[in-house]
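>>> Quick one: sequence plus predicted model below, questions after.
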Amino acid sequence: MIRAGRTDKVQTMTDLAKKLGISFGRLRNTQPYTQEGHPPPISSANAKTLLWDSDQTDAFYAGQPVPDIAGDASDEDLLDRAEAAAEMGLSYSTWSRVKKEPCISEHVILVPPREEGDNGPQVEHWPRGVLRDVKAKRPNKGPGPGAGRPKGSGDMIPRDQIAGRIAELLDANPAITAAAVVDELDIAMTTAQAGLLQLRGQRMADLVEADPTLSLDAAAEQLGYPRVARRRATAAAQVEQRRRATLPYLQNVVDDLVQSGLADADEVTIQQLGDHLVAAVILRPGQPAPALVWHEQYGWRTAVSRRHPIGKVSAPEGEGIRYLSGELQPKTSVLIDALADGRRGRKRP
């Protein structure tokens with residue numbers, strides 16, 4: 001975590017490389033930050049984007065005692081995504097949805113702070129106090145942080161609050177129908193059906209993840225889902241399981257691209273296109289392509305649009321489209337090399 005008042009001391013791998021007068025690639029290859037006595041990262045234990053406190057690294061490389069920056073927990077401490085999920089008592093996958101709620105998203109802080117024109121990588125963090133306040137206001141109200149409107153109010157619900165409201169109804173009645181959700185929330189039937197299906201699938205996947213000996217059907221039974229809804233909920237849970245299995249790889253690629261200066265800090269979002277999972281990474285201006293797209297069946301390709309990189313076709317072809325590797329999950333270094341060399345890759349999968 002970033003201790004209160006030390007935001008301006010945050011140092012990325014790119015910053016550390018500049019301080020040492022070496023290239024980012026050399027820093028990544030030699031990893032001087034792993035030597036004995038080097039200050040540990042201030043990022044969470046499993047963070048892909050490493051951060052340090054510059055006062056500590058300055059002292060270490062100057063041969064001076066490394067200052068102790070530990071202290072008591074403060075509401076002004078800044079937590080990264082793993083730490084924020086732990087503070088809220090949520091799984092990482094649930095936090096990825098919850099952080100988009102306005103009561104949290106409006107407080108996100110990108111660190112380290114950058115001056116205009118400085119395109120160095122930044123990482124999302126949230127103040128501990130904000131997370132504590134949100135959690136305290138919603139005891140035992142499901143995964144969504146928003147307080148929501150009174151049931152039956154008939155008010156229009158902002159799109160980013162719909163999942164949380166449906167989750168509340170599902171908590172109260174696991175067998176609730178889409179029609180009942182429509183009556184309660186005054187939303188479209190297709191929205192209610194999709195929301196219920198996704199939440200049921202996620203919760204079934206949660207149970208099986210916690211107890212791998214459990215079948216998806218047994219998970220549905222345990223959650224109290226009606227038999228008429230189980231077939232589609234099981235299919236949704238299987239998609240969710242594939243998404244979770246793929247997410248670590250994709251997030252690692254995104255983090256590597258950020259550290260290499262090719263993309264801005266972000267969390268990867270996996271979508272469904274037809275029967276397959278897809279994800280897009282928007283690249284910085286000046287790169288060989290506006291974006292990269294990963295497809296569960298075809299692997300990585302370039303995209304021609306920054307605004308709509310995925311599009312509606314699973315395997316598009318044409319000007320600007322290159323399929324970068326024959327592997328579905330190549331190493332990021334292979335991906336970066338293929339992106340930089342316009343002769344590599346193929347026009348079709």
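Nice, thanks for sending it over. Numbers count the residues shown, from 1 in each chain.
>>> Which strand residues bridge the residue lying closest to His295 once chain neighbours are set aside?
Nearest residue to His295, sequence neighbours excluded (Cβ to Cβ, 6 or more residues apart in numbering): Val278, at 5.2 Å. Yep, even glycine has a C-beta here, placed from its N, CA and C like the rest. Beta-bridge partners of Val278, counted by DSSP bridges, are Gln271, His295.
>>> burial of Val278, as a residue count?
Val278 has 20 neighbours, counted by other Cβ atoms under 10 Å.
>>> Same question for Gly299.
Counted by other Cβ under 10 Å, the residues lying close to Gly299 total 18.
>>> Confirm for me that it is in contact with Leu328.
Yes. Counting by Cβ atoms under 8 Å, Leu328 is a contact partner of Gly299 at 4.7 Å.
>>> ok, Gly261 to Ile336 distance?
In this view, Gly261 and Ile336 are 10 Å apart by Cβ to Cβ, to the nearest Å.
>>> and if you look at Ala180?
Relative to Ile336, and taking Cβ to Cβ, Ala180 is found at 50 Å.
>>> who's more crowded, the two?
Using other Cβ under 10 Å, the more surrounded residue of Ala180 and Ile336 is Ile336, with 18 against 14.
>>> Surely the more buried one is within a strand?
No. Counting by DSSP: H, G, I helix; E, B strand; the rest coil, Ile336 is not found in a strand; it is helix.
>>> Just give the nearest non-adjacent residue to it, would you?
Take Ile336 and drop its neighbours on the chain: the residue closest to it by Cβ to Cβ, 6+ apart is Ser260, 6.2 Å away.
>>> The one you found: what's it in contact with?
Contact analysis of Ser260 by Cβ atoms under 8 Å, 6 or more residues apart in numbering lists 24, 332, 336.
>>> Phi, psi for it please.
phi -80, psi 0 (degrees, to the nearest 10).
>>> Which pLDDT does the model give it?
Looking at Ser260, its pLDDT stands at 87.
>>> For Pro67, grab phi and psi.
Taking degrees, to the nearest 10 as the convention, Pro67 sits at phi -70, psi 150.
>>> was I right about it contacting Asp58?
No. Between Pro67 and Asp58 there is no contact under Cβ under 8 Å: 9.4 Å.
>>> more neighbours, the two?
Asp58 (17 against 13).
>>> Could you pull up the contacting residues of the more buried one?
Lys19.
>>> Tell me the spacing between it and Gln31.
On the measure of Cβ to Cβ, Asp58 and Gln31 end up 19 Å apart.
>>> would you say Leu292 is within a strand?
Yes. Membership of Leu292 in a strand is supported by three-state DSSP.
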